[in-house]
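A.B. asks: here is a sequence together with a model predicted from it:
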Amino acid sequence: MNDRETVGLFLKRDEAALQKAQAEYGAYCVRMANNILGDPRDAEECFSDALAAAWNSIPPDEPEDLGAYLARLTRNAAVDAWRRAHAAKRGSGSMPLPLDEAASSPSPAPEEALYEGDLIEAINGFLSAQPKHKRVIFTMRYFRFESVADIAAELKRSPGSVSAVLRRLKTGLERYLKERGFEL
(Lines give C-alpha, C1' and ligand atoms only; values in the text may rest on other atoms or scores of the structure.)
Protein backbone atom coordinates (compact mmCIF):
# COMPACT_ATOMS: atom_id res chain seq x y z
CA MET A 1 0.00 0.00 0.00
CA ASN A 2 1.38 3.43 -0.89
CA ASP A 3 1.26 6.64 1.14
CA ARG A 4 -1.73 8.01 -0.74
CA GLU A 5 -3.81 4.93 0.10
CA THR A 6 -2.73 5.00 3.75
CA VAL A 7 -3.52 8.71 4.04
CA GLY A 8 -6.88 7.90 2.43
CA LEU A 9 -7.52 5.44 5.27
CA PHE A 10 -6.69 8.19 7.79
CA LEU A 11 -9.10 10.53 6.00
CA LYS A 12 -11.84 7.88 6.21
CA ARG A 13 -11.01 7.42 9.93
CA ASP A 14 -10.24 3.74 9.25
CA GLU A 15 -8.09 2.29 12.06
CA ALA A 16 -6.32 0.12 9.51
CA ALA A 17 -4.35 3.29 8.69
CA LEU A 18 -2.60 3.02 12.04
CA GLN A 19 -1.62 -0.59 11.39
CA LYS A 20 -0.33 0.26 7.91
CA ALA A 21 1.65 3.23 9.21
CA GLN A 22 3.09 1.09 12.02
CA ALA A 23 4.16 -1.63 9.60
CA GLU A 24 5.63 0.76 7.05
CA TYR A 25 7.30 3.41 9.20
CA GLY A 26 7.42 2.06 12.76
CA ALA A 27 10.97 0.69 12.69
CA TYR A 28 12.40 3.86 11.13
CA CYS A 29 10.61 6.23 13.50
CA VAL A 30 11.36 4.19 16.62
CA ARG A 31 15.02 3.99 15.65
CA MET A 32 15.17 7.77 15.24
CA ALA A 33 13.45 8.34 18.60
CA ASN A 34 15.81 5.86 20.23
CA ASN A 35 18.76 7.83 18.83
CA ILE A 36 17.45 10.82 20.78
CA LEU A 37 16.30 9.13 23.97
CA GLY A 38 18.50 6.05 24.28
CA ASP A 39 15.58 4.01 25.61
CA PRO A 40 13.67 1.67 23.28
CA ARG A 41 10.50 1.74 25.42
CA ASP A 42 10.42 5.53 25.45
CA ALA A 43 11.10 5.53 21.70
CA GLU A 44 8.13 3.20 21.14
CA GLU A 45 5.96 5.51 23.23
CA CYS A 46 7.03 8.51 21.14
CA PHE A 47 6.04 6.69 17.96
CA SER A 48 2.69 5.80 19.52
CA ASP A 49 2.25 9.48 20.39
CA ALA A 50 3.13 10.36 16.79
CA LEU A 51 0.52 7.94 15.47
CA ALA A 52 -2.07 9.51 17.79
CA ALA A 53 -1.03 12.98 16.60
CA ALA A 54 -1.34 11.85 12.98
CA TRP A 55 -4.78 10.39 13.70
CA ASN A 56 -5.86 13.71 15.20
CA SER A 57 -4.34 15.89 12.46
CA ILE A 58 -5.34 13.92 9.34
CA PRO A 59 -7.73 15.49 8.37
CA PRO A 60 -7.35 18.44 7.93
CA ASP A 61 -3.72 17.72 7.02
CA GLU A 62 -3.14 15.51 3.99
CA PRO A 63 0.60 14.81 3.91
CA GLU A 64 2.09 13.85 0.56
CA ASP A 65 4.95 12.01 2.26
CA LEU A 66 3.51 10.10 5.20
CA GLY A 67 6.93 8.79 6.24
CA ALA A 68 8.37 12.30 6.58
CA TYR A 69 5.21 13.45 8.36
CA LEU A 70 5.40 10.63 10.91
CA ALA A 71 9.17 11.11 11.29
CA ARG A 72 8.65 14.79 12.14
CA LEU A 73 5.91 13.98 14.64
CA THR A 74 8.04 11.24 16.23
CA ARG A 75 11.13 13.43 16.35
CA ASN A 76 9.21 16.26 17.99
CA ALA A 77 7.73 13.87 20.56
CA ALA A 78 11.20 12.47 21.32
CA VAL A 79 12.79 15.92 21.65
CA ASP A 80 9.95 17.00 23.97
CA ALA A 81 10.41 13.81 26.05
CA TRP A 82 14.17 14.41 26.22
CA ARG A 83 13.59 17.98 27.38
CA ARG A 84 11.13 16.86 30.07
CA ALA A 85 13.57 14.22 31.31
CA HIS A 86 16.46 16.68 31.44
CA ALA A 87 14.62 19.84 32.54
CA ALA A 88 15.83 19.69 36.13
CA LYS A 89 19.40 18.90 35.14
CA ARG A 90 22.14 21.24 33.98
CA GLY A 91 21.15 23.13 30.85
CA SER A 92 17.45 23.23 31.77
CA GLY A 93 16.56 20.71 29.09
CA SER A 94 18.12 22.46 26.11
CA MET A 95 19.28 20.09 23.39
CA PRO A 96 23.01 20.29 22.70
CA LEU A 97 22.44 20.51 18.96
CA PRO A 98 22.95 23.27 16.42
CA LEU A 99 19.46 22.93 15.01
CA ASP A 100 16.05 22.70 16.56
CA GLU A 101 12.85 22.31 14.64
CA ALA A 102 10.42 25.18 15.10
CA ALA A 103 7.50 22.78 15.19
CA SER A 104 8.71 21.30 18.46
CA SER A 105 8.23 24.54 20.38
CA PRO A 106 4.83 25.36 21.86
CA SER A 107 2.88 28.13 20.10
CA PRO A 108 5.49 30.83 19.56
CA ALA A 109 4.53 34.49 19.62
CA PRO A 110 3.70 35.85 16.16
CA GLU A 111 7.05 37.62 15.76
CA GLU A 112 8.89 34.45 16.88
CA ALA A 113 6.90 32.39 14.39
CA LEU A 114 7.91 34.77 11.58
CA TYR A 115 11.56 34.55 12.64
CA GLU A 116 11.40 30.75 12.86
CA GLY A 117 9.75 30.56 9.45
CA ASP A 118 12.48 32.77 7.99
CA LEU A 119 15.14 30.65 9.70
CA ILE A 120 13.68 27.42 8.35
CA GLU A 121 13.47 28.94 4.89
CA ALA A 122 17.11 30.06 5.11
CA ILE A 123 18.31 26.64 6.27
CA ASN A 124 16.35 24.97 3.46
CA GLY A 125 17.88 27.44 0.99
CA PHE A 126 21.37 26.60 2.21
CA LEU A 127 20.75 22.86 2.05
CA SER A 128 19.17 22.99 -1.41
CA ALA A 129 22.42 24.45 -2.74
CA GLN A 130 24.43 21.52 -1.36
CA PRO A 131 25.19 18.28 -3.20
CA LYS A 132 22.84 15.41 -2.38
CA HIS A 133 25.41 13.42 -0.37
CA LYS A 134 25.98 16.41 1.93
CA ARG A 135 22.24 16.94 2.42
CA VAL A 136 21.89 13.26 3.30
CA ILE A 137 24.69 13.42 5.89
CA PHE A 138 23.27 16.64 7.37
CA THR A 139 19.78 15.16 7.65
CA MET A 140 21.00 11.91 9.14
CA ARG A 141 22.92 13.77 11.84
CA TYR A 142 20.67 16.69 12.70
CA PHE A 143 17.21 15.34 11.96
CA ARG A 144 17.54 11.61 12.61
CA PHE A 145 20.18 12.09 15.33
CA GLU A 146 22.36 9.32 13.90
CA SER A 147 25.86 9.04 15.33
CA VAL A 148 28.82 9.82 13.08
CA ALA A 149 29.85 6.16 13.27
CA ASP A 150 26.37 4.99 12.17
CA ILE A 151 26.28 7.49 9.31
CA ALA A 152 29.73 6.40 8.16
CA ALA A 153 28.76 2.72 8.28
CA GLU A 154 25.48 3.28 6.43
CA LEU A 155 27.10 5.40 3.70
CA LYS A 156 30.29 3.30 3.55
CA ARG A 157 32.52 6.26 4.40
CA SER A 158 35.08 6.80 7.09
CA PRO A 159 33.95 8.51 10.29
CA GLY A 160 36.61 11.14 9.68
CA SER A 161 35.17 12.05 6.28
CA VAL A 162 31.65 12.27 7.71
CA SER A 163 32.92 14.50 10.54
CA ALA A 164 34.74 16.71 8.04
CA VAL A 165 31.60 17.10 5.91
CA LEU A 166 29.53 17.96 8.99
CA ARG A 167 32.13 20.47 10.21
CA ARG A 168 32.25 22.21 6.82
CA LEU A 169 28.45 22.22 6.53
CA LYS A 170 28.08 23.68 10.01
CA THR A 171 30.65 26.39 9.29
CA GLY A 172 29.04 27.14 5.92
CA LEU A 173 25.56 27.27 7.43
CA GLU A 174 26.69 29.63 10.19
CA ARG A 175 28.27 31.95 7.63
CA TYR A 176 25.20 31.72 5.37
CA LEU A 177 22.83 32.60 8.23
CA LYS A 178 24.98 35.48 9.49
CA GLU A 179 25.09 36.93 5.96
CA ARG A 180 21.29 36.92 6.02
CA GLY A 181 21.10 38.75 9.34
CA PHE A 182 20.44 35.86 11.74
CA GLU A 183 22.09 36.07 15.13
CA LEU A 184 23.59 32.80 16.30
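C.D. replies: Done, it's in.

A.B. asks: CA atoms for contacts and neighbours, from now on please.
C.D. replies: OK.

A.B. asks: low-scoring pLDDT stretches of the chain, where are they?
C.D. replies: The chain contains residues with pLDDT under 70 at 1, 88-115.

A.B. asks: with adjacent residues omitted, what lies nearest to the most centrally placed residue in it?
C.D. replies: Most central residue of the chain, judged by C-alpha distance to the mean C-alpha position with CA atoms, centre = their mean, is Phe143 at 4.0 Å. The shortest distance from Phe143 to any non-neighbouring residue, by CA to CA, 6 or more residues apart in numbering, is to Arg75 (7.7 Å).

A.B. asks: follow-up on the earlier one: where's the residue nearest to the centre of the chain relative to Ala78, distance?
C.D. replies: 11 Å (CA to CA, to the nearest Å).

A.B. asks: buried ones in stretch 132-147?
C.D. replies: Using 16 or more other CA atoms under 10 Å as the test for burial, stretch 132-147 gives Lys134, Arg135, Ile137, Phe138, Met140, Arg141, Tyr142, Phe143, Arg144, Phe145, Glu146.

A.B. asks: and what of stretch 149-159?
C.D. replies: For stretch 149-159, the buried set under the neighbour-count rule, 16+ other CA under 10 Å, comprises Ile151, Ala152, Pro159.

A.B. asks: try stretch 117-136
C.D. replies: Along stretch 117-136, the positions that meet the burial threshold by neighbour count (16+ other CA under 10 Å) are Leu119, Ile120, Ala122, Ile123, Phe126, Leu127, Lys134, Arg135.
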